[in-house]
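Peer 1: Quick one: sequence and predicted model below, then my questions.
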Amino acid sequence: MLNETYLLLIPLLPLAGFVLLGLFGRKYFNSAKREAGIIGTLLLLTSAVLALYTAYEYFFEIGKVDGIYQKIIPFQFTWLEFSHGVSINMGAVIDPISVMMMVVITFVSLMVHIYSLGYMKGEERFSTYYSFLGLFTFSMLGLVMSSNIFQIYIFWELVGISSFLLIGFYYQKPSAVAACKKAFIVTRFADLGFLIGILILSFYSGTLDFHTLIERLTLPESSQFQNAVSSSFLGISALTWGVVLVFMGGAGKSAMLPFHIWLPDAMEGPTPVSALIHAATMVVAGVYLVARLFPVFALSAPGALELVAYVGALSALFAAIIACTQTDIKRVLAFSTISQIGFMMFALGVSNYDNGGLLGHSNLGYTASMFHLFTHAMFKALLFLGAGSVIHFMHSNEMKDMGGLRKHLPVTHITFLVACLAISGIPPFAGFFSKEEILLAASQNNLVVYGIGLITSGLTAFYMFRLYFSIFWSKAPSPYENVHGEGGFPMSLPLILLAIGATFAGFIPFGNFVSADGKPLETLFHWQFSVLPVVLGFAGIFTAMWMYKKENNLPDKMATSLGKFYKVAFHKFYFDELYEFITKKIIFNLIGKPAAWIDRNVVNGLVNATGNSTETLSGKIKGIQSGRVQQYAVYFLVATILVAVLFIYWWK
Amino acid sequence: MFTPGLYHILFISTALFFIGIYGFFTRRNLITVLMSVELVLNSVNLNFIAFNKYLWAGKLDGLFFTIFVIAIAAAEAAVAIAIIINLYRSHESIDVEKAGEMKF
């Protein structure tokens, strides 16, 4: 049996780090010796070891009963009891995806902790930074371990706030402040949908617990299911509305269309934070949420699942097109993240719950999605940390300032190349295996989505290598004055470890461990099928090589020949402008201004009138307080006489 | 020989009372104000004595009250004079009109 004490330590150690460094960090641990970072890193190292041990225990020792991975709830307690039978519980759930996420989160977070020792060196708020990282890791672990949909919502918001704090870490920069506000407001708006979705689902199922909720809402004979399906709004059943709204929350966090606008701006935060939060962990929370509720999507609301597939596929394509035109390296990576999460989303969308498809594994999409989540965490964190090294070296985010860096940053160069090959799906790197599975799943279920996926994977290879060649080749290696190199051991160790992960993670037989129904899934490998995506990937790479390996005017020519389309893509399809138009022109003018008028004139008017009349009245009667004692005596006498008269003639 | 009755004494005490009130309201000098207060108190004393003597001759209640009032008047005079001295120190005057700081 799993020991619940050490299981609880996994999220609680980072929390302890947050409390310790948050309260005492600035005073005691903020010196040049970086104690704050070392404390945070050691705590997280313990967490990561415990998480790996849990994963080992679960996957190889106790998790499997009769060939099926069980859902284990090591502990649970009633947190808020509203009335008898209606309560919110808190608990931890251990099942394949939560264990897998725990490993990913603690591992990537540990890498980022180590990396930041070098990257954030000399930062004035060093200990604050580490306390925020601890808070984030705690909330993310809490999110994946939640046994209950309300609990996940609490941690969801905690993750949101830590992301907000870290994006706005450089709060002296107005752009960072704007970005953190934007990220918070956009995700908050999507979370409104999530909350309504939670309320709908829990209202119809009569429970907040994931396990019971899924059970009640997927059995056609249960009364809750029939109730939820028969009540409808605008011709769509309440159940579908519920899961669509929950998906809206997930789309907000995962930066899917149309809520993707916050992620590129979130790159204002420190680069290691982008690697941790905005690439590897938090942004996949939406995918995790859909996976968590996957039986409800797949069995009871196929329409919603189809929506997930199309939203994912469109986001993947759009983001990939935009990524080809951006010049800020972190923004390219941000759009590539959106694109890869789109892959995970549509992989879920094309999956079935059970294993009864034509080719014998129609729930492949689920496994593929989780697999891609796993490998993507590795190579995308690696890409961001590599970009961090480049930015650390160059003090610039702009691609055109760079070039020929391969001599200056050898470790970064090699690891970045590994990550690029992985994300482009070149065998034998990790991304190849997960991407093939996703495309295979898509090709079996939905050819439109499959087509989009193919185009996108070609584009992915192109924009990643555009980035790679622009940074590391393009110009002749020039002698930069800046000679502090790669930032030392703390910065190169995570790169190397992640590069190992990005190379070999693909060989894990993922289907044996993670599948929609807990049964091991045989992942067949069709090499004929892989030819087309790999050829497309190589085509992308060679196009990028042709255009960007040597400095030339081909990119400009290409941009001019594409004309309008290039311009539109460069401006990110004008999504920001559209949102600006809707908020500034429509919401502010039509709702904000009248409301402000009412507030100023009616509400304020009432309050002011009360105040003014009191003031006027008191001004009139203040003369009574003349300060002349004899006058007071006269009042006293007159009042006494009056009272006497009253008593004598009225009272009797 | 004319013996004064209750009414005569009540007349005198009423006169004393209103003289005292008048003085209390009109004098500016605090010492005079204090004297007026004493007048009012003594008019009350007279009333007590007179009622005791003419209405309940066998009892001593009125007398006791009078003694209490005299004792309290003495204490009150001590306090009042202390206040007046302090006022004089801070304002260099004992005119009540001059001490108007307690105005609104």
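Peer 2: Yep, that arrived.
Peer 1: Isn't residue B:36 up against residue B:16?
Peer 2: No: judged on Cβ atoms under 8 Å, residue B:36 makes no contact with residue B:16 at a distance of 10.3 Å. C-beta coordinates here come from the backbone N, C-alpha and C atoms, glycine included.
Peer 1: Once you drop chain neighbours, what's closest to whatever residue of chain B ends up closest to chain A?
Peer 2: Closest approach between chain B and chain A, counting by Cβ to the nearest Cβ: residue B:103, at 3.2 Å. Sequence neighbours aside, residue A:627 is the residue nearest to residue B:103 in space, at 3.2 Å (criterion: Cβ to Cβ, 6 or more residues apart in numbering or on different chains).
Peer 1: likewise residue A:337?
Peer 2: Residue A:337's closest residue in space is residue A:279 (Cβ to Cβ, 6+ apart), at 5.1 Å.
Peer 1: Tell me which residues of stretch A:62-76 come out buried.
Peer 2: In terms of neighbour count (16 or more other Cβ atoms under 10 Å in any protein chain shown), stretch A:62-76 has its buried residues at A:63-64, A:69, A:71-74.
Peer 1: As JSON lines, those with secondary structure, distance to chain B and pLDDT would be great.
Peer 2: Formatted as JSON lines, the buried residues of stretch A:62-76 follow (DSSP: H, G, I helix; E, B strand; the rest coil; distance: Cβ to the nearest Cβ, whole Å; pLDDT from 0 to 100):
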{"residue": "A:63", "secondary structure": "coil", "distance to chain B": "81", "pLDDT": "71"}
{"residue": "A:64", "secondary structure": "strand", "distance to chain B": "86", "pLDDT": "74"}
{"residue": "A:69", "secondary structure": "strand", "distance to chain B": "82", "pLDDT": "79"}
{"residue": "A:71", "secondary structure": "coil", "distance to chain B": "76", "pLDDT": "79"}
{"residue": "A:72", "secondary structure": "strand", "distance to chain B": "76", "pLDDT": "80"}
{"residue": "A:73", "secondary structure": "strand", "distance to chain B": "71", "pLDDT": "80"}
{"residue": "A:74", "secondary structure": "strand", "distance to chain B": "72", "pLDDT": "78"}
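Peer 1: Which single one of the residues you listed is nearest to residue A:545?
Peer 2: Distance ranking of these against residue A:545, using Cβ to Cβ, places residue A:69 first at 43.7 Å.
Peer 1: In this model residue B:96 seems to touch the residue nearest to residue B:103, though I could be wrong.
Peer 2: No: look at residue A:627 against residue B:96 with Cβ under 8 Å: they stay out of range, at 10.1 Å.
Peer 1: Surely residue A:131 is in a strand?
Peer 2: No: looking at residue A:131 with DSSP: H, G, I helix; E, B strand; the rest coil, it is helix, so not inside a strand.
Peer 1: any idea how far residue A:38 is from it?
Peer 2: 14 Å (Cβ to Cβ, to the nearest Å).
Peer 1: next one: residue A:247
Peer 2: 41 Å.
Peer 1: So between these two, which is more surrounded?
Peer 2: residue A:247 (29 against 15; other Cβ atoms under 10 Å in any protein chain shown).
Peer 1: how far away is the more buried one from chain B?
Peer 2: 67 Å (Cβ to the nearest Cβ, to the nearest Å).
Peer 1: residue contacts, residue B:93?
Peer 2: Residue B:93 sits next to residue B:87 when contact means Cβ atoms under 8 Å, 6 or more residues apart in numbering or on different chains.
Peer 1: If I look at it, what pLDDT would I see?
Peer 2: In this model, residue B:93 is scored at 87, pLDDT.
Peer 1: helix, strand or coil for the closest residue to chain B within chain A?
Peer 2: Closest residue of chain A to chain B, Cβ to the nearest Cβ: residue A:627 (3.2 Å). Under three-state DSSP, residue A:627 falls in the coil class.
Peer 1: Give me the neighbour count for the residue nearest to residue A:337.
Peer 2: 30.
Peer 1: Assumed it was part of a helix.
Peer 2: Yes: counting by three-state DSSP, residue A:279 is located in a helix.
Peer 1: What residues does it make contact with?
Peer 2: Listed by Cβ under 8 Å, 6+ apart, the contact set of residue A:279 reads A:333, A:337, A:377, A:380-381, A:383-384.
Peer 1: near chain B, which residues of chain A?
Peer 2: Within chain A, the residues that sit near chain B (Cβ under 8 Å from any Cβ of the partner chain) are A:622-623, A:625-630, A:633-634, A:637.
Peer 1: switch to 6 Å and redo it
Peer 2: Contact residues, chain A versus chain B (Cβ under 6 Å from any Cβ of the partner chain): A:622, A:625, A:627, A:629-630.
Peer 1: List only those of those flagged as buried.
Peer 2: Buried residues within these, counting neighbours by 16+ other Cβ under 10 Å: none.
Peer 1: CSV for those residues, including pLDDT?
Peer 2: Rendered in CSV, the data for the residues of chain A next to chain B read as follows (pLDDT from 0 to 100):
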residue, pLDDT
A:622, 86
A:625, 82
A:627, 79
A:629, 82
A:630, 84
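Peer 1: Geometric centre of chain B: which residue is closest?
Peer 2: Residue closest to the mean C-alpha point of chain B, counted by Cα atoms, centre = their mean, is residue B:38 at 2.5 Å.
Peer 1: Number of residues surrounding residue A:332?
Peer 2: Count around residue A:332 with other Cβ under 10 Å applied: 26.
Peer 1: in the stretch 101-250 of chain A, which spans are helices?
Peer 2: A:126-145, A:149-167, A:174-205, A:210-218, A:223-230, A:238-253 (DSSP state H, counting those that start in this stretch).
Peer 1: which stretch among those helices comes nearest residue B:65?
Peer 2: helix A:149-167 (76.4 Å).
Peer 1: Identify whichever of the helices of the stretch 101-250 of chain A lies nearest to residue A:315.
Peer 2: helix A:238-253 (8.4 Å).
Peer 1: On the pLDDT front, check residue 57 for me.
Peer 2: Answering for chain A, as no chain was given. 83.
Peer 1: if you could check chain B rather than the one you did, that'd help
Peer 2: 84.
Peer 1: helix/strand/coil for it?
Peer 2: Residue B:57 falls in the coil class when you classify it by three-state DSSP.
Peer 1: Tell me, how many residues neighbour it?
Peer 2: For residue B:57, using other Cβ under 10 Å, the count is 7.
Peer 1: Phi, psi for residue B:102 please.
Peer 2: With angles defined as degrees, to the nearest 10, residue B:102 sits at phi -80, psi 10.
Peer 1: distance of residue A:426 from residue A:272?
Peer 2: From residue A:426 over to residue A:272 (counting by Cβ to Cβ), the distance is 26 Å.
Peer 1: Which one of these two is surrounded by more residues?
Peer 2: Neighbour comparison, residue A:426 and residue A:272: the larger count goes to residue A:272, with 28 against 18 (by other Cβ under 10 Å).
Peer 1: Now the element after the helix or strand that contains that one, going C-ward?
Peer 2: Residue A:272 belongs to helix A:271-275 when assigned by DSSP states H and E. As assigned by DSSP H and E, the chain's next helix or strand after helix A:271-275 is helix A:285-292.
Peer 1: what angle do that following helix and helix A:238-253 make?
Peer 2: Interaxial angle, helix A:285-292 versus helix A:238-253 (axes from the mean of the first three to the mean of the last three Cα atoms, to 10 degrees): 150 degrees.
Peer 1: Identify the residues contacting the residue nearest in space to the middle of chain A.
Peer 2: The centroid of chain A falls nearest to residue A:283 when counting by Cα atoms, centre = their mean (2.5 Å). Residues counted as contacts of residue A:283 (Cβ atoms under 6 Å, 6 or more residues apart in numbering or on different chains) are A:254-255, A:341.
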